[in-house]
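Chemist: give me coordinates for this.
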Amino acid sequence: MNHKLLILEDDTNQRKALTKLISEHYNNIIVESYQDTVNAQKKIESIDDYTLFLLDISINSTSVNREGINLATYIRGRKCYSQTPIIFITAYPRFVFDAINDTHCYSYIIKPYTNENVISQVDDIIKVKDTITLRTIDRYSVTIRFTDIYYIESIGRYIHFHTANNGDVTSRQYRLSELLDILPDCFIRCHKSYIINSNYVSTISSKNKSIVLNDISEDIPYTDKYKPNL
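Modeler: Purely as a prediction, here's the structure:
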C-alpha cells in the first residue's frame, strides 16, 4: 500500500533533509514538500488521500508565528482529514498545548531532532495505516491487517470479515461502500454483498459467475454490474 506525506518547512535545508530522509527510508511513501502555507493549503484542497502531515509551526517570518497550527486547523476542518495524523516539528515548545488542544496532533517533535526520532514516529503511523480496527458485535476491538483479509461479506446489517489470522470477525461499524474508501486498491467490490482481496484470487469463472480465492473453500459470486472491476 502506497502512502502520501506532505511536509511544510520554510527552512530550505531542513525541508530537503526531511524529504531525503523519508524518501530513502521508505519505498512506499510519496513525499511532497512546501515552504509556505498558501501553496500547501492549495494542494491539500485538491487532494484527499494524504496519509500524514509533517508541519513546522512558525513559517516565513522574522517574528514567531503559528501559521503551521493554523494550517493544521484547516486540515482538521476537512472531513477527509479529521483523523489523519499530524506531526509538528518545531523549535518552539511553547506551542505544544495549542497543537494538542486545537489540532489533536499525533506528535510534537522539538528541533534539533534526530533522524531516528522522525522515522520512529512515521513508522508507528504507517503500521497503523496498514490495519483496520473494528468494533465487533460483542463490543470488542479487533485490529486486522489488510493483507490478512480474504473477503468481506454483507449480510443484513452485519459485515463479516473473513481473515487468515483472526478467523471471521463480525461488525456493524461500516457499510461496504464506506470500506472501499478505507481499504487499499487491491480490494474490489464484485457483488452488492461482497468485497474481495484481489491478491488472493485464483480463478474467475464466467460460466458460474464466481470467484475462487486461495485458501477459501467456498466460491464468491460476482454480478455483471461489478464485472468491470475484475
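
Chemist: show the contacting residues for His104.
Modeler: Arg76, Ile86 (CB atoms under 8 Å, 6 or more residues apart in numbering). The way it works is simple: take the backbone N, C-alpha and C, and place the C-beta from them, glycine included.

Chemist: pLDDT weak spots in this protein?
Modeler: For the chain, the stretches flagged by pLDDT under 70 are 1.

Chemist: now do the same for the residue sitting furthest away from the middle of the chain: helix, strand or coil?
Modeler: No residue in the chain sits farther from the centre than Lys207, which is 37.5 Å out by CA atoms, centre = their mean. Assigned by DSSP: H, G, I helix; E, B strand; the rest coil, the conformation of Lys207 is coil.

Chemist: from Ser46, how far out is the closest residue to Ile59 other than its chain neighbours?
Modeler: Spatial nearest neighbour of Ile59, excluding adjacent residues (CB to CB, 6 or more residues apart in numbering): Glu67 at 4.1 Å. Distance, Glu67 to Ser46, by CB to CB, to the nearest Å: 20 Å.

Chemist: check Thr84 too.
Modeler: Relative to Ser46, Thr84 is positioned 15 Å away (CB to CB).

Chemist: could you check which of the two has the larger neighbour count?
Modeler: For Thr84 versus Ser46, neighbours defined as other CB atoms under 10 Å are more numerous around Thr84 (19 against 6).

Chemist: got a list of what the more buried one touches?
Modeler: Contacts for Thr84 (CB under 8 Å, 6+ apart) come out as Tyr50, Thr51, Leu52, Phe53, Ile75.

Chemist: can you show me the helices along the protein?
Modeler: Using DSSP state H, the helices found in the chain span residues 12-25, 37-46, 67-77, 96-103, 115-129, 176-180.

Chemist: looking at those, which is nearest to Glu153?
Modeler: Across those, Glu153 has its closest neighbour in helix 176-180 (9.0 Å, CB to CB).

Chemist: in the closest one, which residues are buried?
Modeler: Leu176, Leu179 (16 or more other CB atoms under 10 Å).

Chemist: likewise stretch 105-115?
Modeler: So for stretch 105-115, counting by 16+ other CB under 10 Å, buried means Cys105, Tyr106, Ser107, Tyr108, Ile109.

Chemist: what's the first-to-last distance across that stretch?
Modeler: Using CA to CA, to the nearest Å, the end-to-end distance of stretch 105-115 comes to 20 Å.
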